[in-house]
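Asker: attaching a predicted model along with its sequence, questions to come.
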Amino acid sequence: MKTPKKIPYGQCNFERLRTENYIYVDKTRYIQHIEDEVNSYHFLIRPRKFGKSLFLSVLEHYYDVRYKDDFDVLFGDLYIGKNPTPKRNSLFVINFHFSGLDTSSVEDFKKSFIGAIRGSVQFFLTAHRSIIKDYEELKKEAWKIDNVRGQIEFAFDIINRYNSKAYIIIDEYDHFANDLIAQGTNLSEMQYKQLIWANGVVRDFYETLKDGTKKIIDTIFITGITPIMLDDVTSGFNISNNLSLKEKYNEILGFTEEEVEFIKKEAGIDVSLIKVNMKFLYNGYKFHTDAKNKLYNSAMINYFLGEIKDEGEKIERLMDDNLKTDYSRIKRLLKKPLNIEILEKIIENESLFANVISRFSIDKIHDSQNFLSLLYYIGLVTIDKEKKTGKPVLKIPNYSIKTLYWEYMDNIIRERNPRMIYDPNIIFEGLLTMAFDNDFAPFFESFHKNFVSQISNRDLEKFSEKNVKFMLLSILYQNNLYLPVPELENSEGYTDIYLQRRSNLYPNVEIDWIWEIKYIKHSDADNQNLIETKKTEAISQLQRYKTSNLYKNRTDIRYLAILFTGKKSYWIEEV
């Protein structure tokens, strides 16, 4: 029997994957595609945890001269091992990585940026010590250089001595820019402009690379999350080959359905233990409207399958908390009411007609079209086509990302309404009573008391049915008794909220729930005709759902019609 391989969750060192019995999904065919590009200076944007760092490690091990003797071990049975290119293991790779820089002030950033460049050059020298003569003396000499251009040109001079060229890798090129955006102050925006524009150290770095392409640089490969700096560094370094939105690179990172099946097989996973719909939870990403295959976020899949392998069907957390996009990265942009409306429309409709903007500067980030594009780049929406018209849309890729939107909206509502009390114990007790005693009253009493009744009068004017749903979904998802599914399609319409019990964790929970939510504004609280109309609508919809293709003849579902009237009262009737 074949020995199962290890799932490489959190691993981004290609050599370790290939020599320590980890699974590697072969993406090396893209090495040939990239070499065939007319331009040799490449730029690739993908959301967090999509496998960028691992791909850069693949490039490093393929091109760097110091791995020449390891080629057969690392690449022999892979696509590029069977179809090698002339440039294999013939260049000196220099890695630059820009996470963790000090953005507290302009001067502190300059120091940390120069320190990062110095550290990269020092690592380059150490990594090539078996090739570079007198490398100890050269390291000391390089350490004394106190400017960006000097450090890089020093490394170039060493490479030139060996009649070779450089392969430049830049990971997280935009990390510090995203940090400044997240701070959301006028000072941070000013700092950004000082560092990137005019004669800042970042511009100096890219100008030095541009000069290096004339003599010593063979290839540059840059990755990041957003195109926020593309316009701002263009005059310093013309990045003309953006691979990010090209159809042929749709699958360069992330996993297709076929690749996920390969991982399951290589890991020796018993698929009977998987009690959830993986495609529904994690699939759905596309990076070109005409791309044939939708993709899984690689870290999401590695996390989930790793948990299945360790915990079996008892897996509790369906989403890795490390994958949650930092709320602060879009919090600043949500100060603009129109952007909050966009977020609400996406949650409510799950898609919007829109095109992705390929680049935008920090002073344009407030624009709503750029805000939508930013959501795309950080992985909160993806590209697709509207079925009827074929027009491009941006849509939520999967269920896991939907849960992030619920949390965002819940944060927005609670930040504006500090009197709301979220006590996980009280909420969980109500859900326990509903799950095991089939009594829904305590949960709704707690929800109304601690959330709905605490809505400020200012927010009450704009409060609607969708806001109630957002709060409910966020609360429900944070507990693992049920998997809440909004707007689940059936032959008779779309259920507002379907609560699917997680029988693999709680086999004694016997009932699923379908809730039809209605809301009447506070100003209409005395309109008895409207109240009765809403009640009748909710009951009628539930009666239709009971006859639908999904729910007909099922005896393990209970149906609740729920009406909230302003923040003062609510009504529930079981159908």
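Answerer: Now that the structure is in, tell me what you want to look at.

Asker: stretch 501-510: end-to-end distance?
Answerer: The straight-line separation of the ends of stretch 501-510 (CA to CA, to the nearest Å) is 8 Å.

Asker: which of the residues in it are buried?
Answerer: 501, 502, 509 (16 or more other CB atoms under 10 Å). (Glycine included, C-beta is placed from N, CA and C.)

Asker: any figure for the gap between the second one and residue 437?
Answerer: The one in question is residue 502. 17 Å (CB to CB, to the nearest Å).

Asker: just send the buried residues of stretch 501-510 back as a markdown table, with pLDDT and secondary structure too.
Answerer: Converted to a markdown table, the buried residues of stretch 501-510 look like this (pLDDT from 0 to 100; DSSP: H, G, I helix; E, B strand; the rest coil):
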| residue | pLDDT | secondary structure |
| --- | --- | --- |
| 501 | 93 | strand |
| 502 | 91 | coil |
| 509 | 93 | coil |
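
Asker: quick check, nearest of these to residue 158?
Answerer: Nearest to residue 158, judged by CB to CB, of those is residue 502 at 58.5 Å.

Asker: ok, that closest one - contacts?
Answerer: Shown in contact with residue 502 (CB atoms under 8 Å, 6 or more residues apart in numbering): 480, 481, 482, 483, 509.

Asker: between the residues you listed, which has the most around it?
Answerer: Per-residue neighbour counts (other CB atoms under 10 Å) across the contacts of residue 502 peak at residue 482, which has 22 neighbours.

Asker: shouldn't that residue be in contact with residue 497?
Answerer: No: using CB atoms under 8 Å, residue 482 is not in contact with residue 497; the gap is 9.6 Å.

Asker: overlap of the contact sets of these two?
Answerer: Common contact partners of residue 482 and residue 497 (CB under 8 Å, 6+ apart): 476, 513.

Asker: hang on, the earlier thing: could you dump the contacts of residue 502 to TSV with secondary structure?
Answerer: Putting the contacts of residue 502 into TSV (DSSP: H, G, I helix; E, B strand; the rest coil) gives the following:
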residue	secondary structure
480	coil
481	coil
482	strand
483	strand
509	coil
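
Asker: turn those into a markdown table, including distance to residue 86.
Answerer: Output for the contacts of residue 502, formatted as a markdown table (distance: CB to CB, whole Å):
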| residue | distance to residue 86 |
| --- | --- |
| 480 | 54 |
| 481 | 59 |
| 482 | 57 |
| 483 | 52 |
| 509 | 62 |
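
Asker: next, count neighbours for the closest residue to residue 135 other than its chain neighbours.
Answerer: Using CB to CB, 6 or more residues apart in numbering and skipping residues adjacent in sequence, the residue nearest residue 135 is residue 129, 4.5 Å away. By other CB under 10 Å, 14 other residues sit near residue 129.

Asker: name the SS class of residue 129, please.
Answerer: Residue 129 ends up coil, using three-state DSSP.

Asker: got a pLDDT number for it?
Answerer: Looking at residue 129, its pLDDT is 95.

Asker: next, residue 91: phi, psi?
Answerer: phi -120, psi 170 (degrees, to the nearest 10).

Asker: care to break this protein down by domain?
Answerer: Structural domains assigned to the chain are 26-246, 257-323, following automatic domain parsing.

Asker: wait, which of those is closest to residue 389?
Answerer: domain 257-323 (12.2 Å).

Asker: so for the closest one, mean pLDDT?
Answerer: Computed over domain 257-323, the average pLDDT equals 91.

Asker: how long is that domain from one end to the other?
Answerer: OK, domain 257-323 end separation, CA to CA: 20 Å.

Asker: now do it: distance to the chain's middle.
Answerer: Relative to the centre of its chain, domain 257-323 is centred 15 Å away, using CA atoms, centre = their mean, to the nearest Å.

Asker: and for stretch 158-175?
Answerer: Taking CA atoms, centre = their mean, one finds stretch 158-175 lying 28 Å from the centre of the chain it belongs to.

Asker: could you list every residue that touches the spatially most central residue of the chain?
Answerer: Residue closest to the average C-alpha location in the chain (CA atoms, centre = their mean): residue 379, at 4.0 Å. Counting by CB under 8 Å, 6+ apart, residue 379 touches 47, 48, 50, 285, 297, 325, 397, 401.

Asker: what count of nearby residues applies to the second one?
Answerer: Burial of residue 48 is recorded as 17 neighbouring residues (other CB under 10 Å).

Asker: the helices in the stretch 51-200 of the chain, which residues?
Answerer: Counting by DSSP state H, counting those that start in this stretch, the stretch 51-200 of the chain has helices at residues 52-63, 71-75, 79-82, 106-127, 135-143, 148-161, 175-183, 186-196.

Asker: now do residue 366, the pLDDT please.
Answerer: As predicted, residue 366 sits at a pLDDT of 68.

Asker: so where do the helices sit in the stretch 451-575 of the chain?
Answerer: Ranges of helices in the stretch 451-575 of the chain, per DSSP H, counting those that start in this stretch, are 457-460, 465-477, 528-545.

Asker: then the stretch 301-450 of the chain?
Answerer: So, for the stretch 301-450 of the chain - with DSSP H, counting those that start in this stretch - the helices run 328-331, 337-349, 368-377, 399-416, 424-437, 441-450.

Asker: the helix or strand containing residue 44: partners in the sheet, and parallel or antiparallel?
Answerer: Residue 44 is located in strand 41-45, with elements delineated by DSSP states H and E. With DSSP bridges as the test, strand 41-45 is paired with strand 217-224 (parallel), strand 241-242 (parallel).

Asker: of those strands, which is nearest residue 385?
Answerer: strand 241-242 (21.4 Å).

Asker: so for the closest one, mean pLDDT?
Answerer: Averaging the model's pLDDT scores along strand 241-242 yields 88.

Asker: who touches the helix or strand following it?
Answerer: Next along the chain after strand 241-242, taking DSSP H and E as the criterion, comes helix 257-267. Contacts with helix 257-267, where a contact means CB under 8 Å, 6+ apart, come from 4-7, 23, 25, 255, 271, 278-279, 283, 293-294, 296, 301-302, 305, 309.

Asker: PyMOL command to pick out the buried ones of these?
Answerer: Selection of the buried residues among these in PyMOL, burial being defined by 16+ other CB under 10 Å:
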select buried, resi 5+7+23+25+255+278+283+294+296+301+302+305+309
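
Asker: from the contacts of helix 257-267, which land in helices?
Answerer: Here DSSP state H is the test, and the contacts of helix 257-267 give 278, 279, 301, 302, 305, 309 as lying in helices.

Asker: looking at these, which one is closest to residue 166?
Answerer: Within the ones in helices among the contacts of helix 257-267, distances to residue 166 taken as CB to CB reach their minimum at residue 302, with 32.1 Å.

Asker: residue 9 is in contact with the closest one, correct?
Answerer: Yes: using CB under 8 Å, residue 302 makes contact with residue 9 at a distance of 4.0 Å.

Asker: circling back: adding distance to residue 389 and mean neighbour count, write the helices of the stretch 301-450 of the chain out as TSV.
Answerer: Shown next, in TSV, are those (distance: least, CB to CB, whole Å; neighbours: other CB atoms under 10 Å):
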stretch	distance to residue 389	mean neighbour count
helix 328-331	29	17
helix 337-349	15	16
helix 368-377	18	20
helix 399-416	24	20
helix 424-437	41	16
helix 441-450	39	17
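
Asker: of all these, which lies closest to residue 228?
Answerer: Nearest to residue 228, of all those, is helix 368-377, at 8.0 Å by CB to CB.

Asker: relative to strand 41-45, how tilted is that closest one?
Answerer: With axes from the mean of the first three to the mean of the last three CA atoms, to 10 degrees defining the directions, helix 368-377 sits at 90 degrees from strand 41-45.

Asker: kindly export helix 368-377 (C-alpha atoms) in PDB.
Answerer: Coordinates of each C-alpha in helix 368-377 appear next as PDB, following Å, rounded to 0.1, in the frame of the first residue of the first chain:
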ATOM      1  CA  SER A 368     -16.500  53.100  -5.300                       C
ATOM      2  CA  GLN A 369     -15.300  51.300  -8.500                       C
ATOM      3  CA  ASN A 370     -11.800  51.000  -7.000                       C
ATOM      4  CA  PHE A 371     -13.300  49.700  -3.800                       C
ATOM      5  CA  LEU A 372     -15.000  46.900  -5.700                       C
ATOM      6  CA  SER A 373     -11.800  46.100  -7.400                       C
ATOM      7  CA  LEU A 374     -10.000  46.000  -4.000                       C
ATOM      8  CA  LEU A 375     -12.500  43.500  -2.800                       C
ATOM      9  CA  TYR A 376     -11.600  41.400  -5.800                       C
ATOM     10  CA  TYR A 377      -7.900  41.600  -5.200                       C
END
